[in-house]
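A.B. asks: Please find the sequence and the predicted model below.
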Amino acid sequence: MSDPRPHLASVSEKPKGPRILLAEDDAALRSLLASFLGEHGYQVCVATSGRELFDRVAEELGGNVNRFEAIVSDVRMPGLNAIDVLAQLRGITTRVPVILMTAFGDQATHRRAERLGVLAVLDKPFDLDELQGLLHEILSKPWHAPAARQCAGLGSSGGPSGSPDAAEPSAFP
């Protein structure tokens with residue numbers, strides 16, 4: 001006689017990956033980047049404008065724990081641009097590694113980003129593997145501590161498959 005209970009496959013839970021704040025106003029590029037990073041094991045939290053980026057970064061500075069482990073942001077977005085956000089919130093780059101992306105990669109932008117502590121500026125178009133490689137290198141540094149809180153509520157690519165909330169959108173409260 002066969003067992004009437006449904007067969008449950010054992011699923012090994014993958015650990016959640018690093019939390020990345022992705023700020024990009026272009027919906028198609030934001031979706032592409034969030035999907036790519038999510039497929040590579042990152043938990044991606046999104047901001048769709050410079051103002052949202054400012055709010056998320058200000059929350060980071062006001063808290064005692066990191067909500068995310070890196071910021072990947074477009075430079076030019078509606079409202080505030082990423083360089084202005086970083087300039088207004090001095091000190092964030094000492095707590096969270098920042099990578100900027102720009103279609104307008106003039107030398108002045110690169111120099112200003114460097115003065116603000118930005119680790120890299122990628123000129124668009126760039127190879128997605130280059131971004132992933134930079135994140136891997138940055139996040140594997142011994143000084144980098146894991147984020148203590150999970151993103152929740154705004155929408156993202158979700159956690160890596162196999163995590164209990166993989167289908168749930170995530171972002172910051």
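C.D. replies: Yep, it's here.
A.B. asks: Please, where are all the strands along the protein?
C.D. replies: 19-23, 43-47, 70-74, 98-102, 120-123, 156-158 (DSSP state E).
A.B. asks: Now do the contacts for residue 134.
C.D. replies: With contact set as CB atoms under 8 Å, 6 or more residues apart in numbering, residue 134 has these partners: 99, 119, 120, 122. C-betas here are computed from N, CA, C, even on glycine.
A.B. asks: how about a cut-off of 6 Å?
C.D. replies: 99, 120 (CB atoms under 6 Å, 6 or more residues apart in numbering).
A.B. asks: quick one: it from residue 120, how far?
C.D. replies: Going from residue 134 to residue 120 by CB to CB, to the nearest Å gives 5 Å.
A.B. asks: Quickly list what's touching both of these two.
C.D. replies: Joint contacts of residue 134 and residue 120 (CB under 6 Å, 6+ apart) are residue 99.
A.B. asks: ok, back up a step: can you redo the strands of the chain as JSON lines with mean neighbour count?
C.D. replies: JSON lines is the format used below for the strands of the chain (neighbours: other CB atoms under 10 Å):
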{"stretch": "strand 19-23", "mean neighbour count": "26"}
{"stretch": "strand 43-47", "mean neighbour count": "27"}
{"stretch": "strand 70-74", "mean neighbour count": "25"}
{"stretch": "strand 98-102", "mean neighbour count": "23"}
{"stretch": "strand 120-123", "mean neighbour count": "18"}
{"stretch": "strand 156-158", "mean neighbour count": "23"}
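A.B. asks: Pipe those into JSON lines and attach distance to residue 90 and mean pLDDT per row.
C.D. replies: Shown next, in JSON lines, are the strands of the chain (distance: least, CB to CB, whole Å; pLDDT from 0 to 100):
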{"stretch": "strand 19-23", "distance to residue 90": "18", "mean pLDDT": "95"}
{"stretch": "strand 43-47", "distance to residue 90": "19", "mean pLDDT": "95"}
{"stretch": "strand 70-74", "distance to residue 90": "14", "mean pLDDT": "96"}
{"stretch": "strand 98-102", "distance to residue 90": "12", "mean pLDDT": "96"}
{"stretch": "strand 120-123", "distance to residue 90": "18", "mean pLDDT": "96"}
{"stretch": "strand 156-158", "distance to residue 90": "27", "mean pLDDT": "35"}
